[in-house]
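1. Sequence first, predicted model second:
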Amino acid sequence: MATVNKFVCYGDIEPKKVEWLYYPYIPKGKITIICGDPGIGKTTFVLSLVAMLTTGKKLPFSEQSHDAMNVFFQSAEDGASDTIIPRLLEMGADCNKVVGLQTKRKFESFDADLEKDIINQRIKLMVFDPIQAFMGSINISSANDVREVMQKLNDFAERTDCAIVLIGHLNKNSGGINALYRSLGSIDIVAAARSVLILTTNPNNPDNRIMVPLKSNLAKIGKSIIYDLDNGAVKWIGLSDVKAADLSSSDPAPAFKNACDFLTECLAHGDVASTKIFELAAKNGICISTLKKAKAYLGIKSVKKNDDRWYYQQIKSSDETATS
């Protein structure tokens, strides 16, 4: 039997404006990707936004007002009871407005029942951390496989009018490469997103961090946002004119690069006592704040050993993502 084509006349479709959860960074009914290197604080950054949304507070440097809203948050790396909830409470979130699924589901398994629940519970934001954990059994480097899953997720976002934020890790190959191409898996993952934001070290000041818009299909690229982490909370500093091109075309600030080289050399043969690290850093003219930024960037953790002393320890590649 021949296929009957049903055409839709664009003249019969009522145009509508794009609505925003956070203008011009996170559109409603669309996919946004927030990505960054291990240790840069991606989850903490997003949880801070979640806390504000659940309490009706204005988002950083935004004139946009909103009522307190319900949020869906699903993490494949951090436990809800011992990590996510304590962090949300510390940030002042209303945890009664944050939900997740008891059994984690992959994007390919999203169905009409879940769609109905999202609408009925008036959920306005869905967060998945990290994106790679929810892509299912597909080959995330396969354009065809990725495109099918991402299209399904995009349709889900549009039908529920819910902003979907995917937290993503970047691969290690950073030298001179556009940040859009550093996301793990096929480029079709970022192609499906209408907005892509990267969290990284501020190229103008390695003592703080910055959120830089890499891609914006629905609005003019917004200003970058400078912030820092202060005892597990996000400290908002200000707006910046740093662009995505500044991240791929320039080398790290000399002080930060020097600190990274220093730590790499110190830990080349194993763990080193923190007191020794601080002593050597001072001799090399490296301040503590820059040292800590380099430590986070390189994925180095502090461990307490049997001698009751703290040591700097390089995290192995298998558990790099634990610092996100």
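-> Nice, thanks for sending it over.
2. Pass me the low-pLDDT residue ranges in the stretch 51-200 of the chain, would you?
-> Applying pLDDT under 70 to the predicted model, the residue ranges of the stretch 51-200 of the chain that meet it are 171-186.
3. now the helices for it?
-> When assigned using DSSP state H, counting those that start in this stretch, the helices of the stretch 51-200 of the chain occupy the ranges 85-90, 112-120, 143-160, 188-192.
4. for the ones you listed, which one ends up most surrounded?
-> For the helices of the stretch 51-200 of the chain, ranked by mean neighbour count under the definition mean count of other C-beta atoms under 10 Å, the leader is helix 188-192 at a mean of 21. From N, CA and C alone the C-beta is placed, and that goes for glycine too.
5. In CSV, list the C-alpha atoms belonging to it.
-> Taking C-alpha atoms only, helix 188-192 is exported to CSV below (Å, rounded to 0.1, in the frame of the first residue of the first chain):
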residue,chain,number,x,y,z
ASP,A,188,25.5,15.1,17.6
ILE,A,189,25.1,15.3,21.3
VAL,A,190,25.9,19.0,21.4
ALA,A,191,24.2,19.5,18.0
ALA,A,192,20.9,18.5,19.6
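6. Need the contact partners of that helix.
-> The contact list for helix 188-192 (C-beta atoms under 8 Å, 6 or more residues apart in numbering) reads 31, 33, 131, 140, 143, 146-147, 150-151, 153-154, 168, 180, 183, 196, 214-215.
7. Turn the helices of the stretch 51-200 of the chain into JSON lines, including distance to residue 245.
-> Compiled in JSON lines, these are given as follows (distance: least, C-beta to C-beta, whole Å):
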{"stretch": "helix 85-90", "distance to residue 245": "33"}
{"stretch": "helix 112-120", "distance to residue 245": "37"}
{"stretch": "helix 143-160", "distance to residue 245": "26"}
{"stretch": "helix 188-192", "distance to residue 245": "17"}
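8. Select, out of those, the one closest to residue 43.
-> For residue 43, the closest of the helices of the stretch 51-200 of the chain is helix 85-90, at 8.1 Å, according to C-beta to C-beta.
9. quick one: the closest one to chain centroid distance?
-> 18 Å (C-alpha atoms, centre = their mean, to the nearest Å).
10. before we move on, what about stretch 82-98?
-> For stretch 82-98, the distance between its averaged C-alpha position and the chain's averaged C-alpha position is 18 Å (C-alpha atoms, centre = their mean).
11. for the stretch 101-250 of the chain, what spans make up the strands?
-> Assignment of strands within the stretch 101-250 of the chain using DSSP state E, counting those that start in this stretch yields the ranges 123-129, 163-169, 195-201, 209-216, 224-230, 233-240.
12. contacting residues around the last one?
-> Counting by C-beta under 8 Å, 6+ apart, the neighbours of strand 233-240 from elsewhere in the structure are 41, 44-45, 48, 60-61, 90-91, 202, 204, 208, 210, 223-229.
13. Narrow the residues you listed to those that are buried.
-> 41, 44-45, 48, 60, 91, 202, 208, 210, 223-229 (16 or more other C-beta atoms under 10 Å).
14. now do the same end-to-end measure for stretch 290-306.
-> For stretch 290-306, the separation between the terminal residues is 28 Å (C-alpha to C-alpha, to the nearest Å).
15. Equivalent analysis for stretch 132-143, please.
-> Taking C-alpha to C-alpha, the span from the opening residue of stretch 132-143 to its closing residue is 14 Å.
16. coming back round to it: compile the strands of the stretch 101-250 of the chain into a markdown table and extend it with columns for distance to residue 293.
-> Below are the strands of the stretch 101-250 of the chain laid out as a markdown table (distance: least, C-beta to C-beta, whole Å):
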| stretch | distance to residue 293 |
| --- | --- |
| strand 123-129 | 22 |
| strand 163-169 | 18 |
| strand 195-201 | 6 |
| strand 209-216 | 8 |
| strand 224-230 | 9 |
| strand 233-240 | 14 |
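17. do you know which of those strands lies nearest residue 5?
-> For those, the distance to residue 5 is smallest for strand 163-169, at 31.1 Å, taking C-beta to C-beta.
18. For the closest one, buried residues please.
-> Neighbour-count burial for strand 163-169 flags 163-169 (criterion: 16+ other C-beta under 10 Å).
19. Could you point out which of the helices of the stretch 51-200 of the chain sits nearest residue 20?
-> Proximity to residue 20 (C-beta to C-beta) singles out helix 143-160 among the helices of the stretch 51-200 of the chain, at 13.5 Å.
20. what sits up against that closest one?
-> Counting by C-beta under 8 Å, 6+ apart, helix 143-160 makes contact with 29-31, 107-108, 110, 115, 118-119, 123, 126, 135-136, 138-140, 162-164, 185-189, 191-192, all of which sit outside it.
21. hmm, try it at 6 Å
-> Among residues not part of helix 143-160, those counted as contacts by C-beta atoms under 6 Å, 6 or more residues apart in numbering are 29-31, 107-108, 110, 115, 118-119, 138-139, 164, 186, 188-189, 192.
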